[in-house]
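Q: Please work out how this folds:
(4 chains)
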There are 2 protein chains.
Amino acid sequence: MAVRLKDIARDLGISVITASKALRGAKDISEDTRQRVLKRMQELNYRPNMMARGLAKGRSFLVGLVVPDLLHPFFAEFAKSLNGVLRQQNYGIFLASSEEDPEIERQEIRQVLARGVDALLIASCQQTLEGFYGMEDQRTPFILVDRDFPHLRANFVGTDDVMVGRLAATHLVEAGRKRIAHIAGPELSTGADRLFGYRDVMRRNGLDVPESYVIHNSKVEELGEAAGYQGMQKLLALDPRPDGVFCYNDLMAIGAMHAALEAGLAIPQDIAFIGCGNVRYSEYLRIPLSSIDQSTARLGEQAGMLALELIQNRDAAPSKKLLEPAVIVRASSRV
Amino acid sequence: MAVRLKDIARDLGISVITASKALRGAKDISEDTRQRVLKRMQELNYRPNMMARGLAKGRSFLVGLVVPDLLHPFFAEFAKSLNGVLRQQNYGIFLASSEEDPEIERQEIRQVLARGVDALLIASCQQTLEGFYGMEDQRTPFILVDRDFPHLRANFVGTDDVMVGRLAATHLVEAGRKRIAHIAGPELSTGADRLFGYRDVMRRNGLDVPESYVIHNSKVEELGEAAGYQGMQKLLALDPRPDGVFCYNDLMAIGAMHAALEAGLAIPQDIAFIGCGNVRYSEYLRIPLSSIDQSTARLGEQAGMLALELIQNRDAAPSKKLLEPAVIVRASSRV
DNA sequence: GGCGGGAACGTGACCGTTACCGTTAACACG
DNA sequence: CGTGTTAACGGTAACGGTCACGTTCCCGCC
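A: Predicted coordinates for the structure are as follows:
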């Protein structure tokens, strides 16, 4: 089958450990034999067996990544840039997608932990860690990605979502809108934070936010165009109709704009839109969509680096990394 | 640290083997002890160590997935649906992204194989397997995804790309277009096949395809909006300007439409567009984009099932699974 | 010549699990 | 009562590495 250290060693008439040392660059080995070993490894196309190494070292050189939905460009881009960082340290990604289903998520976490991943990155679709992992006993360091758990002293890498809400609302206010609605996300951290930032800015500007101006989407699983479309239907039915809408994400904004256009409204004259996430297509839409950029690629890098740090130093104090979002203005809200 | 079989066994006053048997549902064990073992495992939140199991069994319960670009919705969706299939068999995904770079791809393949994956799914960014894996020695079954290598008797799961070209061209012909251009993809299998299908239909319809009507994109790494935009610039400069364009993928089509609109053309009156991939946003674009749907989710399922089959039966004859594409007509080409 | 010390390499145990085969005890049967 | 059969369980040796120590050998030094 595959070439083993044993084969290399027998070939060269040395012991397995010596070969192992050469491989790992240990110091008590002569430069000469090291070269001979490495050369032979090249020739035989030797690849260390990571399972064996992992078992022996108690490390797997594997990082677990659990996301709610790979199709969402945010997570796809995150995974991509994470991969870039980890590759350089010979770390691999064990990928699992929970489909925004807590039950599946639990299953996936079991799987991931069973693999003995050295760290776990997770964008959970749950509201709380409550008895949830069977992770307590585990010493596996984990990092919450994008979605934080309130009041939990855990590692976190994500966007400053309060700022997202603030930027979006501020932008619409500056675009001269008075009746600004919000099609909100789930009441997880990100959704709650964006809502909070939005409400805060509205209050500071003396603008009213009637209850009906905030569309809640309790179902975590539906954060796509359809939810945006339906949310917009409700907003369109209101009497003082909103003249600006901040949507939880770009997909929902796309759906919402669709509904507005169908209703015969002009964007941005009658109603302005801004989303969040700055997905790749935003600028090519029927009406190019303003958005809040989360610099997702940098998030992935940060998370990867933090993971590697935690692996080195298991009991570092939990750290929270918040990246600053930025407004990208396009036609959907340009004055 | 983590709970081991040894702990369970000591607890219950039985041997490790017996515990192991209970876990795996072996037959030579009494129902009574099996229950006791399973119960204790529950209580202690035991999770089998997959590295140890993998080492012992010579299987990793891991499938490697190497894609050129996770950000591309096709691969994201593929990965997502693959994950769904594998989860049910307790198989996991080892993910690697090559960024359309052959050098990185080689690196990733090494990594993946070193993990001892039981099967490898790969959408290669290379033109050939030529000495490329150091896979020959490996017994790891592999499946080419989306991009086939010509003349190679390997497992393949993908779209019938000749049909893609045929459908796209036929559709434009039926929409009354005479001067149909093609912004092509790389000269890998998919690009070549779509080009072939397109050319074939053109010929059968007695339509001319001047050399300048086919824009080649040799650089694998650039298959996005930019390439489409630039390709379209060239087409716009031609004298008998095309009145229909078939683009290798939706992203390129989006870029191309952008260029056409900028040039003041009306879509689809002056020029019609059709892409391929049917990405999520296609229908929300400035001009909703016609596309060829590849039923990506089904591709993922098929690939997953094939992988599991190959793992069971290592020397099954190579099989090629081609899924039928379908035309999705939207405004960009509606007559 | 005996001793200390370092460089280079090897011995054995172990990581957690499984495969293979052996052992034990109970029971049926002629 | 001896023999054979079967069910339930365990001992041993792997799987391919790594780690903590030994061991060997050579050199220099007093």
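Q: Just want the residue of the stretch 101-250 of chain A that's nearest DNA strand D.
A: A:Gly116 (12.5 Å; C-beta to the nearest atom of the strand). To be clear about C-beta, it is placed using only N, CA and C from the backbone, and glycine gets the same treatment.
Q: ok, the residue lying closest to that residue once chain neighbours are set aside to A:Asp315 distance?
A: Spatially, and ignoring its direct neighbours in sequence, A:Gly116 is nearest to A:Ser60 (4.4 Å; C-beta to C-beta, 6 or more residues apart in numbering or on different chains). Noted for A:Ser60: a distance of 19 Å to A:Asp315, by C-beta to C-beta, to the nearest Å.
Q: Those two: who's more crowded?
A: Taking other C-beta atoms under 10 Å in any protein chain shown, A:Ser60 and A:Asp315 do not tie; A:Ser60 has more neighbours (24 against 8).
Q: Quick one: low-confidence residue ranges for the stretch 151-300 of chain A.
A: The stretch 151-300 of chain A contains residues with pLDDT under 70 at A:220-221.
Q: about what we covered before: surely the residue nearest to A:Gly116 is in a helix?
A: No: per DSSP: H, G, I helix; E, B strand; the rest coil, A:Ser60 lies outside any helix segment and is coil.
Q: Surely it touches B:Met51?
A: Yes: counting by C-beta atoms under 8 Å, A:Ser60 does reach B:Met51; the two are 6.2 Å apart.
Q: where do the contact lists of those two overlap?
A: Taking C-beta atoms under 8 Å, 6 or more residues apart in numbering or on different chains as the criterion, A:Ser60 and B:Met51 both touch A:Gly54, A:Arg115, A:Gly116.
Q: who in chain A is up against DNA strand D?
A: A:1-6, A:16-17, A:20, A:23-24, A:28, A:46, A:48-49, A:52-53, A:55-57 (C-beta under 7 Å from any atom of the strand).
Q: got the domain boundaries for chain A?
A: What automatic domain parsing lists as the domains of chain A is A:5-43, A:59-159+A:296-323, A:161-295.
Q: end-to-end on the shortest one?
A: For domain A:5-43, the first and last residues are 13 Å from each other (C-alpha to C-alpha, to the nearest Å).
Q: Please enumerate the helices of the stretch 101-250 of chain A.
A: With DSSP state H, counting those that start in this stretch as the criterion, the stretch 101-250 of chain A has helices at A:102-114, A:161-174, A:189-204, A:225-236, A:250-262.
Q: Send me the last one as CSV with only the CA atoms.
A: Which is helix A:250-262. Provided in CSV are the C-alpha atoms of helix A:250-262 (Å, rounded to 0.1, in the frame of the first residue of the first chain):
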residue,chain,number,x,y,z
ASP,A,250,-28.3,40.9,0.9
LEU,A,251,-30.4,38.0,-0.1
MET,A,252,-33.3,39.3,1.8
ALA,A,253,-32.7,42.7,0.3
ILE,A,254,-32.8,41.2,-3.1
GLY,A,255,-36.1,39.6,-2.4
ALA,A,256,-37.4,42.8,-0.8
MET,A,257,-36.4,44.9,-3.8
HIS,A,258,-38.1,42.4,-6.0
ALA,A,259,-41.4,42.9,-4.1
ALA,A,260,-41.1,46.7,-4.3
LEU,A,261,-40.4,46.7,-8.0
GLU,A,262,-43.3,44.4,-8.6
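Q: what's stretch A:15-35 in contact with?
A: A:Leu5, A:Lys6, A:Ile8, A:Ala9, A:Leu12, A:Ile14, A:Val37, A:Leu38, A:Met41, A:Pro48.
Q: Recalculate using a threshold of 7 Å.
A: The contact list for stretch A:15-35 (C-beta atoms under 7 Å, 6 or more residues apart in numbering or on different chains) reads A:Leu5, A:Lys6, A:Ile8, A:Ala9, A:Ile14, A:Val37, A:Leu38, A:Pro48.
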